[in-house]
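>>> Structure of the sequence below:
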Amino acid sequence: MRRHAKASSAGPTPRRAKSFGRIALLAAVAATLLLASVAQAAASELHVSITGTGSGEVTSAGGFEGSGEFEGTPPIECSNPPKVGMVCDNTPVPFFGSEVVSLSANAAPDSVFAGWNIEEGFAIANCESSNPNSCLAGAPEGTDVKVTVTFNLKPTGPTVTTNPGATEISQTSAKVAGTVNPKGKAVSECKVQYGLTESYGSEADCESLPGSGESAVPVEKTLSGLTPNKTYHFRFKATNADGSTTGSDQTFKTLPEAPAVITTPGATEILQTMAKVAGSVNPNGASVSECKIEYGLTESYGSEANCEPAPGSGESPVSVSKTLSGLVANTTYHFRVKASNPGGTSNGSDQTFTTLALVVPTVTTEAATGETKTTANLNGSVNPNGDPTSCHFEYGLTTSYGSEASCASPPGSGYDPVSASAAISGLTLNTTYHFRLVASNGAGTENGSDLTFTTKS
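This next block holds a predicted model:
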């Protein structure tokens, strides 16, 4: 925008008007010469660049101050990323005459302003004064203004790393580790921050201060008073004269409590060779990897069987049981429930039961079938009552019998009746025979009732 002087249209007395006329004429000539000089002046350009290890931005106030006739020039802006020699002006900013521009330098959060350098042109004010982040710069006609601004990274505290995970983890403690490089300045404080979230909330001193060297120093701390079966966040923090820095966030999980185990006193469904024992297991929130019933003739046990069902990983007691078999009749057994999870192994209390005494087999003689002149099939049933049992049939012309035939198959050792039979031959036609079933186990021998059959004539 050009400014033009205007002569006044009204004046005083003619004599004084003549005098003022000469002055106005001279002023008009001077203005014309000044405008011509400005019009003929060679334009200057403003260039701004950033250097240094840091980053920031440089802005102008949006206009010029001085004796020139041009105002309202668009603001310049020079910002990240920094690059040595980077020309940041939007467009070459023209200078005419002795115009000056107001510049401001603002460092990024991680950087500090380190100074102005007027490479071409000159500083008018403030460039090295009490307000170093602003500068008034200008240039003679035809000379560019080149300004370099230096931003450097802020000095930082120690270099800190946090090792992933933890060691020596228990229900209430864990050992964490990391490294601290003091970067040549004494570390005044070294802490472990920890808690259930990344807000931490608790901290503890490192076992020892890392010193003042220039290499990474291992640091560690055993944290205590933790809660079982919880995930903890943690990081290391160190401070020297340049400030405080923290390592990355890491996590570990404390071990759960070992299962809570109860052995139910006594047993149920006790027989000569079998008994059902029971208890309960609370997994305490962690998967139970093993649940056993330990049993034997003493508290050393010696035998074990898997619980039924598996207790899982909940936080409430789960009923478990097991039917033990192959026991000895009339014998006292010790037993207990044992369960394991990642937190450890727990044993229930020792309990006892006594198996039943042996009982002789239960024997029933049943009617003969298939009689011919010389043959017949003898029948019956045997309940072994839990002990291995053998059987045979006795037969003859009287209740003294005199002959016998083994059962076709042994009755076994179960607790239910088993059919027994024997095919006999060499009989006399049209003759009445007596017979009975006889069975024996560890408790003794039992005879079935006497029955008769008659061969055909």
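>>> can you pull out the strands in the stretch 301-450 of the chain?
In the stretch 301-450 of the chain, the strands defined using DSSP state E, counting those that start in this stretch lie at 303-306, 318-324, 332-341, 344-347, 351-354, 362-369, 376-383, 390-396, 403-406, 418-424, 432-441, 444-447.
>>> The last one - what's its average pLDDT?
Throughout strand 444-447, pLDDT has a mean value of 96.
>>> so what secondary structure elements neighbour the helix or strand just after it?
Using DSSP states H and E, the helix or strand that follows strand 444-447 in sequence is strand 451-454. Strand 451-454 sits against strand 362-369, strand 432-441, with contacts defined as 3 or more CB pairs under 8 Å, 6 or more residues apart in numbering; DSSP states H and E. Where you see a C-beta, it was placed from the backbone N, CA and C, and this is true even at glycine.
>>> Mind doing that once more with 6 Å?
strand 432-441 (3 or more CB pairs under 6 Å, 6 or more residues apart in numbering; DSSP states H and E).
>>> what angle separates the strand it packs on from strand 390-396?
Here strand 432-441 runs at an angle of 160 degrees relative to strand 390-396 (axes from the mean of the first three to the mean of the last three CA atoms, to 10 degrees).
>>> List the buried residues for strand 432-441?
Neighbour counts over strand 432-441 (16 or more other CB atoms under 10 Å) mark 433, 434, 435, 436, 437, 438, 439, 440, 441 as buried.
>>> So which elements touch it?
strand 362-369, strand 376-383, strand 390-396, strand 444-447, strand 451-454.
>>> Quick one: low-confidence residue ranges for this protein.
1-46, 60-101, 120-126, 128-132, 136-144 (pLDDT under 70).
>>> how about a cut-off of 50?
1-42, 62-77, 79-87, 89-93, 95-97, 130 (pLDDT under 50).
>>> now the helices for it?
Taking DSSP state H as the criterion, the chain carries its helices at 14-40.
>>> quick revisit: of the strands of the stretch 301-450 of the chain, which approaches residue 183 most closely?
Closest approach to residue 183 among those is made by strand 344-347 (43.8 Å; CB to CB).
>>> residues in contact with the closest one?
Contact with strand 344-347 is made by 258, 259, 261, 336, 338, 339, as judged by CB atoms under 6 Å, 6 or more residues apart in numbering.
>>> For the nearest residue to residue 255 once chain neighbours are set aside, which residues are in contact?
Excluding its sequence neighbours, the residue lying closest to residue 255 (CB to CB, 6 or more residues apart in numbering) is residue 343, at 4.4 Å. If you count contacts by CB under 6 Å, 6+ apart, residue 343 has them with 255, 256, 257, 258, 286.
>>> repeat for residue 173
residue 224.
>>> what's the first-to-last distance across stretch 344-359?
When the termini of stretch 344-359 are compared using CA to CA, to the nearest Å, they are 44 Å apart.
>>> so residue 334 bridges to which residues?
residue 296, residue 352 (DSSP bridges).
>>> right, I mislabeled it, should have said residue 389
As assigned using DSSP bridges, the partners bridged with residue 389 are residue 412.
>>> doesn't residue 411 make contact with it?
Yes - here residue 389 reaches residue 411: they are 4.7 Å apart, a contact under CB atoms under 6 Å.
>>> Show me which of the two is the more surrounded one.
residue 389 (28 against 25; other CB atoms under 10 Å).
>>> quick one, what contacts the more buried one?
Taking CB under 6 Å, 6+ apart as the contact definition, residue 389 lies against 361, 411, 439, 441.
>>> can you redo those as a markdown table with distance to residue 295?
Below are the contacts of residue 389 laid out as a markdown table (distance: CB to CB, whole Å):
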| residue | distance to residue 295 |
| --- | --- |
| 361 | 27 |
| 411 | 27 |
| 439 | 30 |
| 441 | 24 |
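>>> now, which of these sits nearest residue 174?
residue 441 (60.7 Å).
>>> From residue 148, how far off is the closest one?
110 Å (CB to CB, to the nearest Å).
>>> Repeat that for residue 224.
On the measure of CB to CB, residue 224 and residue 148 end up 56 Å apart.
>>> Tell me which of these two has more neighbours.
residue 148 (19 against 10).
>>> which residues touch the more buried one?
Counting by CB under 6 Å, 6+ apart, residue 148 makes contact with 49, 51, 117, 119.
>>> change it to 10 Å
For residue 148, the contacting residues are 47-52, 58, 84-86, 115-119, by CB atoms under 10 Å, 6 or more residues apart in numbering.
>>> so what's residue 322 closest to, chain neighbours aside?
residue 293 (4.5 Å).
>>> ugh, wrong one, residue 406
residue 392 (4.9 Å).
>>> likewise residue 113?
Residue 113 sits nearest to residue 107 (CB to CB, 6+ apart), 4.8 Å away.
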